[in-house]
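Peer 1: Okay, sequence plus prediction incoming.
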Amino acid sequence: MVTAAVLSGSSILAATGEAVERSDGGILAAGAWLIVLVPFLATLAITLFGKRLPRNGGELAVGAVAFVAVYGTVLLLATWFGDGIVYEGGVTIGAFGGFEIEWAWVVDGLSIMMFFVVGVVSTACFVYAVGYMEGDVRPTAFFASFTLFAGAMLMLVSAANLIQLLIGWELVGVSSYLLIGHYWEQKENSSAGMKAFLVNKIADIGLMIGIIIAAITVGSFTISTIMKKVVETDAALDDVAVVIAVLLFIGAMGKSAQFPFHVWLPDAMAGPTPVSALMHAATMVTAGVYLTARMFPLFEEMAHEALDLVLIIGAITLVIAGLLAIVQDDIKRVLAYSTLSQLGYMVAALGAGAYTAGLFHLFTHAFFKSLLFLGAGSVIHAVHSNNMSDMGGLRKDMPRTFWTFIIGSAALAGLPPLAGFFSKDEILAAFNEGGHGVVLALGVGTAFITALYMTRAVSLTFFGTYKGDGHPHESPAIMTVPMLGLAGAAAVAGFLNVPGITDAFYKLVVTRLVSAELLGEHATSFDLTALGLGLAAGVLGIAVGYRLYYEDASTQHERDRLRIPGLWPVLENKYYIDDLYMNGIVNPIKGPIARFVNWTNGNIIDLIVNAVGALTRGFGRFVYGGLDQRGIDLAINEAGAGTGFLGGKLRYIQTGKVQQYAAALFGASIVLVIGFWISIT
Amino acid sequence: MTIAQFLVLSAAMFSIGIYGVLIRRNAVLVLLSVELMLAAVNINFVAFCRFLEDTAAGGQVFALFIITVAAAEVGIGLAIVLLIFRNRASANIDELDALKW
Amino acid sequence: MEWFDNGWGLSLVVFAPLVGAVALLAVPKKDEETAKLLALVTAAVSLFFAVVAAFRFDYAEAGSLQLGAKLSWIPAIGSDYEIGIDGISLPLLVLSAAIVVLSIVYSWDHWPEPHNPKGFLILILFLATGMAGTFVAQDLVLFFIFFELVLLPMYFMIGIWGDKTKIRLPGFSKEVETRLYASIKFFLFTLFGSAFMLLGFLALNFRGGSFSIPELAEMGAAGQFDGTFAFLVFGALFLGFAVKVPMWPFHTWLPDAHTAAPTVGSVLLAAILLKLGSYGFIRIAIPILPDEAKSWAPAIAILAVIAIIYGSLACLAQTDMKRLIAFSSVGHMGFVMLGIATLTPVGITAAVIGMVAHGVITGMLFFLAGSMQHRYHTREMARLGGNLKLMPILGGMLGFTAMASLGLPGLAGFWGEFMALLGSYQPLEGLSVSVFRTAMVIGAVGTVLTAGYLLWMLQKVNLGEPKEEWAGHEFHDVDRYEYAAWVPLLISIVAIGVYPKIITGAANDAVTALIDKAF
């Protein structure tokens, strides 16, 4: 029985009272479930029929995400040019006790932003992947998983309740497992997939328990209901809000690869490059930031202690990952650590209470980071190696890749007027404004590091002389066109939120069911301190990078070692964190602990069982031999033998002499008579 | 006449019969002694019948039965003795212990 | 359809396979086609009526017994032929009828040695009657008979068609055949529990004067059973059901039985037989002895989380694929028992959906493991590898089912696990919150370990390059009988995951009514 519980936006608004005054999005928002359903249907179709299609299912995949991109864009425009959309609708799919489970989708500014980002970046990556995966061993499986990946992320961001969020969350995890381990013939790749899945799963313990506590405290999984309680400052929720916030954030740390759960992300490079592009930009790693942003009012209003944790974790991650990016030779790993570092910025921004700034960096980062990955993929495609020591001098051979990569790098380094400049500046401003001096220093320092390692990557890849084999060619149009599109986005996205000038992005992400006060205000002017520091750090980073790497890009690797003695081995070994996890946790559980448990099963519990069996058998032997054979049976036999013996003795009475018999008879009758006589007298 | 006199006679005859049965070696004499015991019983029956004034004369009827049975018994007994004598050339009871264990 | 609602329908579901089994006796041994057809038809009749029952079932009244009957049966001891289903029994009844049909379909072309389909099918049909009967019985004696009826066919199935390799046991000097050891262990272990259970039933009858479960539940709710008596009776019932579930530390028969059993035997064992135990807790132990259930609940919860962690860790040490799946059952049934121990509607509904999900998923895993053994002639994971390359469809199904088994949200296994954890955050009022919350955290850690060993198994079996010894071998991917048996299972894994109301629609109201009445 399907009971459709479609709520119109306005009725929710009426219920929450404090909500922003927006009209609902009508049929456009009510049909937003298609955004989730279409990718899933496409996944199913690709799995079943993909092999028979000319592009191995790639066309279905691209079609599905293109649909999402178009739908997302339409919703975005409708929000900007209309009154904004706030809508929630759902279908009940089950009930456990008093808990109703729903497929429910929320269409508000935040989710529309994510629809747009996921849709657009996915479309670019998918189109690119059709070219990139040409001639792959199993393109159909790839496209199926890839579409599932996007669909899962969309389910996550469209979720109106925490259960559905968790479902999307874990589906993202499993599809990343499939994609990272796409080349599963090699054990490293499947292990990397496992690592990603398991690290996330560990963090998910936090998410799951956080959801459980929130749901039981509030009595519902629906996020808007929880937010309503936040607005009402519900006492019961207030008691556990910090616990819930910390637990949810632990989940977010896993997906967004924050320290100490960051270890899976660099290994995730084992997957095909389009996967990395999508994973690092729009899906998966942004999920944690999205979750924190989605639950931001809870953090802000009731759990400030948790917000401090968010800030600290973000700050740690942004520094340690940035440092690691400098020492990598694998171009994808440079970008991977850069992603970690940038996620650190987003998380720290949220921790500093800058909701809009954090999300804005997510938004801009999605474009330039996917662009950088696609560029890296294009290079890898050309030189058949991930290592920058095999590259160099590609500027002339791959001009389109080069120029788009430059745009992406500049955006990442925070050069104006590209997107990264505006978003990073806002974050630094937030640190400054919040009085987090140390974090600001770390942020500025990392901005320097960012510029440094990107300059290094660009120099080693595109300048100097070519060190690889064969002759590299520019990638086909199907790969470069998406890059051009993303380069355009990376160039202009920053203008959506310029302090004091444009506030389109701010208006978008605060269009939610809670009052905008809980989400922070739009900056009206530039913070000149932060602006100056950030810009100076970026320029300085580029200058140092240029000095160190550009001048002699051919002998680079040796000089890297010289530059940072002492620190180098620590960085090369990723601060030994991976070793700690492997040798401290994973191997003991997999090895001795598991074997011990199995040993107890066989040698203790089973020994008892078998011993009971053996004892019972022994007891049975005793019962048979001792009691039965030598007890009861003996008595029976003895009784028989005794009777025979007695008979043997008694038969001698039988003399055969009639007169003796007669005498006995007579004697007996006399005895009887006497007895009779005595008895009657 | 009192009943005691009959009973004394009968007891005496019975005792003589018992004595004969237990002591005599000759099978024929043993049979005769058995007849003597039966006769003693008959006397008892008739005497009690008379002294208890049994109008149905049950005692006398029983006496008649006993006489008949005794006659048949002696007949069979003598026949057996005769056959044993023919086989063994002796009627000595002590030698007849074929029914021994 | 009045005849159907008067108990005839359910009786048909239960006894159609038995009729089939008897009819099979008349089929000559050589005529295998007739035997297979006859078995399939009777099992299908049973399934058909089970599905009809699902449609005749009034979901608005899911908490009360329906489609039942009460006929005088053994008046001398006051036992009646009392049957009926509520929302808890219904999903399990349909599941058991369906799994039997799928098992027969699968067997069509996969006969374990020593062949003899006739005998094998007769055993399956006997099992079918016992399993379905347990879920509809509303009288303790009837319940007991059906509960025990499944023992014998399974014993023969393992003992005759089982694994013939010899093993050495700790505590024994001689080597024994796996199948002999496993079948005897299975039989005696469960019989040991059942003996106590029967004692418990008799004790209830002496005190309550009835064998009828609904009547006894009424008395139990009124607090008629208390004190040492109730404690001992619950203990006896606990032993009986816990062995069947199996709960730690009564689980050791399970890996042996599963490893030794033929494929279909493992499937039936995992999919249905284990559920008889947990169903017994929900149907008998809790409603009749609610106060005792409350005092035993923390202990059950502790044993349940031990089972979760213990089962998962033991899985990581396995080298035998079937044994690994068997141990995973220990962990999964731990979640079911954790849900039951909370004594809340959330937890017990989670347990019901967990039972169905485990039946479908683990049944499927055993099918797959059996088919792989059929092709590779080994279960050693060290010798397998690259299965996905040799048999892409089979490997894909294995991957999918393993994902479902690790509780991936959106697939069937998720709801039981997650909701059991949810329930244990807030157990029934009066239960120790700290014990249950600790259990929740440990259980959540267990989900990671579960994911760990399943992914590890996939990596060893499915991924990588095939071992050299298989070079040149021709492997048949999934054949049509396997498709016919498996696709319904795969579909239901997705269906239950996406739309859990398939199960909870009936179960939730029934569980809520049951809990409301008991506490």
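Peer 2: That came through, no problem. Numbering: from 1, shown residues only, chains lettered A, B, ... in the order given.
Peer 1: quick one: low-confidence parts of chain C?
Peer 2: C:169-173 (pLDDT under 70).
Peer 1: quick one, strands of it?
Peer 2: Counting by DSSP state E, chain C has strands at residues C:66-74, C:79-85, C:166-167, C:176-177.
Peer 1: Give the pairing partners of the last one; include direction for each.
Peer 2: Meaning strand C:176-177. The strands that strand C:176-177 pairs with in its sheet are strand C:166-167 (antiparallel) (by DSSP bridges).
Peer 1: which outside residues touch the strand it pairs with?
Peer 2: Among residues not part of strand C:166-167, those counted as contacts by C-beta atoms under 8 Å, 6 or more residues apart in numbering or on different chains are C:175-178, C:181. Every residue, glycine included, has its C-beta placed from N, CA and C.
Peer 1: Neighbour-wise, which one of these leads?
Peer 2: The residue in the contacts of strand C:166-167 with the most neighbours, by other C-beta atoms under 10 Å in any protein chain shown, is residue C:181 (24 neighbours).
Peer 1: And that one, how far from residue C:260?
Peer 2: Separation of residue C:181 from residue C:260 (C-beta to C-beta, to the nearest Å) stands at 8 Å.
Peer 1: before we move on, what about residue A:322?
Peer 2: Spatial separation of residue A:322 from residue C:260 under the definition C-beta to C-beta is 57 Å.
Peer 1: just the strands of chain C: most buried one?
Peer 2: Stretch with highest mean neighbour count among the strands of chain C: strand C:79-85 (a mean of 22; mean count of other C-beta atoms under 10 Å in any protein chain shown).
Peer 1: so what secondary structure elements neighbour that strand?
Peer 2: Counting by 3 or more C-beta pairs under 8 Å, 6 or more residues apart in numbering or on different chains; DSSP states H and E, the packing neighbours recorded for strand C:79-85 are helix C:9-26, strand C:66-74, helix C:117-136, helix C:140-149.
Peer 1: Parallel or antiparallel, which strands does the second one pair with?
Peer 2: With DSSP bridges as the test, strand C:66-74 is paired with strand C:79-85 (antiparallel).
Peer 1: Just the angle for the partner strand relative to helix C:9-26, thanks.
Peer 2: When axes from the mean of the first three to the mean of the last three C-alpha atoms, to 10 degrees is applied, the directions of strand C:79-85 and helix C:9-26 differ by 110 degrees.
Peer 1: Only the C-alpha atoms, please, for strand C:79-85, written as CSV.
Peer 2: As requested, C-alpha coordinates have been extracted for strand C:79-85 and formatted as CSV (Å, rounded to 0.1, in the frame of the first residue of the first chain):
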residue,chain,number,x,y,z
SER,C,79,-4.3,-30.2,22.6
ASP,C,80,-6.1,-28.8,19.6
TYR,C,81,-5.3,-28.4,15.9
GLU,C,82,-5.1,-24.7,16.3
ILE,C,83,-3.6,-22.7,13.4
GLY,C,84,-3.6,-19.1,12.2
ILE,C,85,-1.3,-16.4,11.1
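Peer 1: now the angle from that strand to helix C:140-149?
Peer 2: Using the same axes, to 10 degrees, strand C:79-85 lies at 70 degrees relative to helix C:140-149.
Peer 1: Which residues are in contact with residue C:260?
Peer 2: Contacts for residue C:260 (C-beta under 8 Å, 6+ apart) come out as C:158, C:162-163, C:178-179, C:181-183.
Peer 1: swap the cut-off to 10 Å and go again
Peer 2: Residue C:260 makes contact with C:157-159, C:161-165, C:167, C:177-183, C:185-186, C:266, C:322-323, according to C-beta atoms under 10 Å, 6 or more residues apart in numbering or on different chains.
Peer 1: Spatially, and excluding backbone neighbours, which residue is closest to it.
Peer 2: In space, and not counting its chain neighbours, residue C:260 is closest to residue C:182: 3.6 Å by C-beta to C-beta, 6 or more residues apart in numbering or on different chains.
Peer 1: From what I see, the one you found and residue C:323 are in contact.
Peer 2: No: taking contact to mean C-beta atoms under 10 Å, the distance of 11.2 Å between residue C:182 and residue C:323 leaves them out of contact.
Peer 1: what is in contact with these two at once?
Peer 2: In terms of C-beta under 10 Å, 6+ apart, residue C:182 and residue C:323 are both contacted by the residues C:254-256, C:258-260.
Peer 1: Keep only those of these that are in helices.
Peer 2: Mapping the shared contacts of residue C:182 and residue C:323 onto helices (DSSP state H) picks out C:254-256, C:258-260.
Peer 1: Filter those down to just the buried residues.
Peer 2: A residue is treated as buried here by neighbour count (16 or more other C-beta atoms under 10 Å in any protein chain shown); on that basis the buried members of those are C:254-256, C:258-260.
Peer 1: I'd like those residues laid out as a markdown table, including distance to residue A:432.
Peer 2: As requested, those are arranged in a markdown table below (distance: C-beta to C-beta, whole Å):
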| residue | distance to residue A:432 |
| --- | --- |
| C:254 | 62 |
| C:255 | 62 |
| C:256 | 67 |
| C:258 | 63 |
| C:259 | 65 |
| C:260 | 70 |
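Peer 1: Run through the stretch 301-450 of chain A and note the low-pLDDT ranges.
Peer 2: Counting by pLDDT under 70, the stretch 301-450 of chain A contains no low-confidence residues.
Peer 1: Pick the one among the ones in helices among the shared contacts of residue C:182 and residue C:323 closest to residue A:125.
Peer 2: Of all these, residue C:258 has the smallest distance to residue A:125: 44.2 Å, by C-beta to C-beta.
Peer 1: which ones are touching the closest one?
Peer 2: With contacts taken as C-beta under 10 Å, 6+ apart, residue C:258 has the following neighbours: C:158, C:182, C:186, C:265-267, C:269-270, C:320, C:322-327, C:329, C:362, C:366, C:369.
Peer 1: Would you mind listing where chain A has pLDDT under the threshold?
Peer 2: Applying pLDDT under 70 to chain A picks out residues A:1-25, A:515-517, A:550-566, A:568.
Peer 1: which SS state does the residue of it found nearest chain B fall under?
Peer 2: When you check chain A against chain B by C-beta to the nearest C-beta, the closest residue turns out to be residue A:656, at 3.1 Å. Put simply, residue A:656 is coil when judged by DSSP: H, G, I helix; E, B strand; the rest coil.
Peer 1: so what's it up against?
Peer 2: Counting by C-beta under 10 Å, 6+ apart, residue A:656 touches B:96-101.
Peer 1: Now the buried members of the contacts of residue C:260.
Peer 2: Of all the contacts of residue C:260 considered here, the ones buried according to neighbour count by 16+ other C-beta under 10 Å are C:157-159, C:161-163, C:167, C:177-183, C:185-186, C:266, C:322-323.
Peer 1: My reading is that residue A:427 lies in a helix. Confirm?
Peer 2: Yes: checked against three-state DSSP, residue A:427 lies within a helix.
Peer 1: Now stretch C:90-102 - C-alpha only, PDB.
Peer 2: As requested, C-alpha coordinates have been extracted for stretch C:90-102 and formatted as PDB (Å, rounded to 0.1, in the frame of the first residue of the first chain):
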ATOM      1  CA  LEU C  90       2.900 -14.200   7.200                       C
ATOM      2  CA  PRO C  91       6.200 -13.100   5.700                       C
ATOM      3  CA  LEU C  92       8.000 -16.100   7.100                       C
ATOM      4  CA  LEU C  93       5.300 -18.500   5.800                       C
ATOM      5  CA  VAL C  94       5.500 -17.000   2.300                       C
ATOM      6  CA  LEU C  95       9.300 -17.000   2.500                       C
ATOM      7  CA  SER C  96       9.500 -20.700   3.500                       C
ATOM      8  CA  ALA C  97       7.100 -21.800   0.800                       C
ATOM      9  CA  ALA C  98       9.000 -19.800  -1.800                       C
ATOM     10  CA  ILE C  99      12.500 -21.000  -0.800                       C
ATOM     11  CA  VAL C 100      11.300 -24.600  -1.100                       C
ATOM     12  CA  VAL C 101      10.100 -24.000  -4.600                       C
ATOM     13  CA  LEU C 102      13.300 -22.300  -5.600                       C
END
